[in-house]
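sequence? don't have it. structure:
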């Protein structure tokens with residue numbers, strides 16, 4: 001986006017138009033502001049007196065702006081509006097004579113004409129700046145006329161003649177000065193807002209994963225409340241997405257990779273846009289309608305606006321809006337959205353993907369800014385992985401309502417999702433659902449929206465769905481690279497070349513992306529370190545699309561989903577020798593949210609995985625003190641994540657036993673990780689026993705349905721399921737009334 005004109009250039013244009021208007025009306029269809037500035041520059045370079053007038057006007061306006069602390073935005077808008085107003089209503093010389101060369105009377109005449117036509121005049125600060133600018137320029141004109149009448153007459157005649165020629169000869173000029181006045185109006189029209197809402201609803205319905213636009217599913221996502229606030233919601237309550245947002249000035253949505261955070265962010269934005277259109281249709285005033293904005297933390301960090309709200313609005317609209325990309329509509333819309341009384345639902349997605357989230361002066365400052373915006377009247381939604389949120393919120397003053405995304409329910413939600421995806425291909429939907437039903441390793445991940453999306457994509461081809469994530473990602477990227485819609489004309493790419501390139505790119509993005517303390521600080525986007533072969537460029541774009549090209553030809557990209565970046569980082573590390581991989585991994589094994597997926601995936605994928613794990617965790621950890629206990633817990637979490645990425649037969653007996661022991665030791669504390677490793681069947685009986693022992697506390701320390709669901713998930717045969725049901729029923733008398741109703745629903 002081009003930089004706005006400077007104050008000096010705007011003052012120059014205003015003085016030029018005021019002089020030219022003394023010789024007669026400025027042409028109704030004339031030059032744009034840019035053309036007028038060029039004309040003014042040429043003339044002022046030739047005429048010292050006019051140059052002095054411009055300097056005097058600029059100096060006076062600068063003094064006003066500084067003296068009253070007017071923002072740069074309001075100064076710029078005010079000067080643009082003053083220029084356009086003088087062009088349309090400026091007094092000819094005989095009009096100035098009739099006013100007795102009274103500068104205030106002349107300025108009043110011009111301003112009153114503008115007020116009669118513009119009903120919004122005076123509603124925002126830049127209108128006041130426009131009035132002051134008009135008074136300053138007429139004061140300068142009168143002073144100049146009194147000092148040197150002949151030179152002023154020559155100036156105004158020359159200016160007027162050239163403006164007329166410019167209007168007659170440059171047919172390519174698209175906007176009249178009268179339109180510039182309308183464009184500088186402070187309030188966007190209802191049509192502007194409607195166009196914005198319709199365009200964003202289309203955008204927020206799109207998915208990165210499919211060549212044809214597929215609407216985001218309307219399936220209900222369950223959220224578990226993590227914190228209590230002044231609402232009726234309590235910790236551990238399960239609520240619908242809409243109920244979680246209802247009554248919250250600031251909502252934080254937490255979840256693991258692929259849990260549907262961005263999905264839900266778009267859904268909130270889309271539903272708010274639909275409500276806004278309904279309110280407008282019902283006749284509600286524009287300033288009473290809540291307008292949604294959506295951006296990412298990383299994208300917001302790129303905007304250094306003087307005003308917090310302006311920065312958020314610019315970040316949310318910087319990528320262009322269909323039907324609003326002209327020079328007038330977008331500024332008008334942005335001014336409307338930053339009005340003090342504007343009602344805004346501000347959604348900031350992916351805190352965990354912001355490059356500076358561990359910077360005290362960066363991410364935490366922005367979080368405090370968002371808290372202040374929420375307190376001042378905007379509603380705010382933030383999405384993040386749990387670790388990144390907990391690391392960033394310290395000292396932010398946040399009293400946000402925190403909720404965590406729950407997995408989709410199997411089979412209800414999973415079936416509905418698949419049937420919606422294959423709405424015209426019932427046989428394919430039935431085949432995929434049968435495969436998920438009959439394969440426990442697929443059921444384990446089917447409740448995660450991202451992985452179910454992967455299943456649907458791969459089910460569009462023939463063949464079984466891979467059981468391990470590594471194979472799943474490889475198949476998925478092969479599909480993205482080789483599908484016919486990736487190439488025009490169809491030309492199968494060299495997969496080896498593409499994968500090697502993506503490995504190199506992923507590692508270049510994260511290798512040095514660390515904080516001074518050594519914690520990962522992965523960015524959302526990265527500068528492409530090398531170019532793909534031209535014939536494969538379009539295929540690569542579907543895995544790591546381009547998001548920016550600077551003036552020097554450097555391309556910025558991002559992986560189409562964070563989990564693909566993590567996959568390629570893990571694959572790169574898995575290709576290193578044991579010692580090199582250990583050196584790279586050791587600093588990131590504990591308490592490092594960016595590496596909590598890639599590190600265990602890399603270990604599980606390594607050809608010498610048992611040796612690598614022994615090298616990483618060879619020393620025995622003493623757990624008798626708090627530090628040792630924390631380290632032991634982190635080690636067990638690492639082992640559980642490794643177990644989810646591998647099978648028992650992948651490991652030496654000693655390492656496999658270590659993973660099985662971690663499952664038993666953390667059966668309750670890390671319930672979700674333990675259920676993700678239910679294919680480690682040797683320890684399932686001991687894990688089930690631990691869950692049964694905790695059943696009396698269901699609905700108190702745990703969700704009433706969480707423990708029974710885990711118990712059923714661990715049962716791999718009908719006999720084991722019957723045993724699990726018997727244990728649950730036996731525990732019913734010990735469960736208090738709070739958890740009983742929810743437990744009954746879970747059993748059903």
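Received, thanks. Being a predicted model, the structure only gives us computed values, none of them experimental.

okay, now the unreliable bits of the stretch 251-400 of the chain?
304-306, 320-329, 354-362, 394-398 (pLDDT under 70).

50 - rerun?
327, 357-358, 360 (pLDDT under 50).

what about stretch 647-666, average pLDDT?
Averaged across stretch 647-666, pLDDT comes to 94.

can you pull the buried residues of it?
648, 650, 651, 655, 656, 658, 659, 660, 662, 663, 665, 666 (16 or more other Cβ atoms under 10 Å). C-beta here means a position set from N, CA and C on the backbone, and glycine is covered the same way.

export the residues you listed to JSON lines and append columns for secondary structure and distance to residue 15.
Listed next are these as JSON lines, based on DSSP: H, G, I helix; E, B strand; the rest coil; distance: Cβ to Cβ, whole Å:
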{"residue": "648", "secondary structure": "helix", "distance to residue 15": "82"}
{"residue": "650", "secondary structure": "helix", "distance to residue 15": "78"}
{"residue": "651", "secondary structure": "coil", "distance to residue 15": "80"}
{"residue": "655", "secondary structure": "helix", "distance to residue 15": "80"}
{"residue": "656", "secondary structure": "helix", "distance to residue 15": "82"}
{"residue": "658", "secondary structure": "helix", "distance to residue 15": "80"}
{"residue": "659", "secondary structure": "helix", "distance to residue 15": "78"}
{"residue": "660", "secondary structure": "helix", "distance to residue 15": "82"}
{"residue": "662", "secondary structure": "helix", "distance to residue 15": "77"}
{"residue": "663", "secondary structure": "helix", "distance to residue 15": "78"}
{"residue": "665", "secondary structure": "helix", "distance to residue 15": "79"}
{"residue": "666", "secondary structure": "coil", "distance to residue 15": "75"}
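
OK, contacts around the most centrally placed residue in the chain?
Centroid-nearest residue in the chain, with Cα atoms, centre = their mean: residue 296, separated by 2.0 Å. For residue 296, the contacting residues are 348, 349, 350, 353, 354, 524, by Cβ atoms under 8 Å, 6 or more residues apart in numbering.

same check, this time on residue 338
Going by Cβ under 8 Å, 6+ apart, residue 338 touches 307, 309, 310, 313.

could you count how many residues lie near the first one?
Read that as residue 307. Residue crowding around residue 307 was assessed by other Cβ atoms under 10 Å; the count is 13.

that one against residue 74, yeah?
No: counting by Cβ atoms under 8 Å, residue 307 does not reach residue 74; the two are 10.0 Å apart.

what sits up against stretch 405-425?
Contacting residues not belonging to stretch 405-425 are listed as 214, 217, 219-224, 238, 253-256, 259-261, 264, 426, 428-429, 432-433, 436-437, 443, 446-449, 452, 455-456, 459 [Cβ under 8 Å, 6+ apart].

how far does that stretch sit from the chain's center?
26 Å (Cα atoms, centre = their mean, to the nearest Å).

just stretch 602-613 next, same as before
Worked out by Cα atoms, centre = their mean, stretch 602-613 lies 35 Å from the chain centre.

tell me the mean pLDDT over it?
Averaged across stretch 602-613, pLDDT comes to 95.

contacting residues around it?
470, 569-571, 573-574, 578, 581-582, 585, 616, 642, 645-646, 650-652, 654-655.

out of those residues, which end up buried?
The neighbour count (16+ other Cβ under 10 Å) marks 470, 569-571, 573-574, 578, 581-582, 585, 616, 642, 645-646, 650-651, 655 as buried among these.

just the strands in the stretch 251-400 of the chain please.
Assigned by DSSP state E, counting those that start in this stretch, the stretch 251-400 of the chain shows strands spanning 290-296, 343-349, 379-384.

so which elements touch the shortest one?
Going back to what we said before, that points to strand 379-384. With contacts taken as 3 or more Cβ pairs under 8 Å, 6 or more residues apart in numbering; DSSP states H and E, strand 379-384 sits against strand 250-254, helix 261-281, strand 343-349, helix 363-376.

tell me which of these lies nearest to residue 483.
Nearest to residue 483 among those is helix 261-281 (22.1 Å), distances taken as Cβ to Cβ.

list the buried residues in that closest one.
261-273, 276, 279-280.

need the helices and strands packed on strand 379-384 in JSON lines with distance to residue 722, can you?
Below are the helices and strands packed on strand 379-384 laid out as JSON lines (distance: least, Cβ to Cβ, whole Å):
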{"stretch": "strand 250-254", "distance to residue 722": "36"}
{"stretch": "helix 261-281", "distance to residue 722": "36"}
{"stretch": "strand 343-349", "distance to residue 722": "44"}
{"stretch": "helix 363-376", "distance to residue 722": "50"}
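
closest one to residue 403 among these?
Proximity to residue 403 (Cβ to Cβ) singles out strand 250-254 among the helices and strands packed on strand 379-384, at 5.9 Å.

give the other helices and strands that the closest one contacts.
helix 241-245, helix 261-281, helix 363-376, strand 379-384, helix 386-392, strand 401-405.

now do the helices in the stretch 401-550 of the chain.
412-421, 426-438, 440-446, 449-459, 469-482, 495-510, 537-541 (DSSP state H, counting those that start in this stretch).

angle of the fourth one against strand 401-405?
Yep, that's helix 449-459 we're talking about. If you take axes from the mean of the first three to the mean of the last three Cα atoms, to 10 degrees, helix 449-459 sits at 30 degrees to strand 401-405.

give me the contacts around helix 449-459.
Outside helix 449-459, the residues that touch it by Cβ under 8 Å, 6+ apart are 207, 209-210, 257-260, 263, 408, 414, 417-418, 421-422, 428, 431-432, 435-436, 442, 445-446, 465-466, 469, 472, 475-476, 479, 561, 563.

try 7 Å
Helix 449-459 is touched from outside by 209, 258-260, 263, 408, 414, 417-418, 421, 428, 432, 445-446, 465, 472, 475-476, 479, 561, 563, with contacts defined as Cβ atoms under 7 Å, 6 or more residues apart in numbering.

over to the third one?
For helix 440-446, contacts defined as Cβ under 7 Å, 6+ apart pick out 410, 414, 435-436, 451-452, 455, 465, 467, 676, 678-679, 716.

got JSON lines for these, with distance to residue 232 too?
Formatted as JSON lines, the contacts of helix 440-446 follow (distance: Cβ to Cβ, whole Å):
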{"residue": "410", "distance to residue 232": "29"}
{"residue": "414", "distance to residue 232": "30"}
{"residue": "435", "distance to residue 232": "42"}
{"residue": "436", "distance to residue 232": "37"}
{"residue": "451", "distance to residue 232": "34"}
{"residue": "452", "distance to residue 232": "32"}
{"residue": "455", "distance to residue 232": "37"}
{"residue": "465", "distance to residue 232": "42"}
{"residue": "467", "distance to residue 232": "43"}
{"residue": "676", "distance to residue 232": "33"}
{"residue": "678", "distance to residue 232": "35"}
{"residue": "679", "distance to residue 232": "40"}
{"residue": "716", "distance to residue 232": "40"}
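
nearest to residue 509, of the helices and strands packed on strand 250-254?
Comparison of those against residue 509 by Cβ to Cβ identifies helix 386-392 as nearest, at 16.9 Å.

got the buried residues for the closest one?
Per 16+ other Cβ under 10 Å, helix 386-392 contains these buried residues: 386, 387, 388, 389, 391, 392.

from these, which is closest to residue 340?
If you rank the buried residues of helix 386-392 by distance to residue 340 using Cβ to Cβ, residue 392 comes first, at 27.8 Å.

quick check: that closest one touching residue 366?
No: Residue 392 is beyond contact range of residue 366, at 8.9 Å (criterion: Cβ atoms under 7 Å).

the lengthiest helix in the chain: how far from the chain's middle?
With secondary structure taken from DSSP state H, the chain has its longest helix at helix 125-147. In terms of Cα atoms, centre = their mean, the centre of helix 125-147 is found 44 Å from the chain centre.

what's the answer for stretch 535-555, then?
20 Å.

got a list of contacts for it?
Outside stretch 535-555, the residues within contact range by Cβ under 7 Å, 6+ apart are 477, 480-481, 486-488, 491, 493-494, 497-498, 501-502, 505, 525, 527-528, 532, 556-560, 564.
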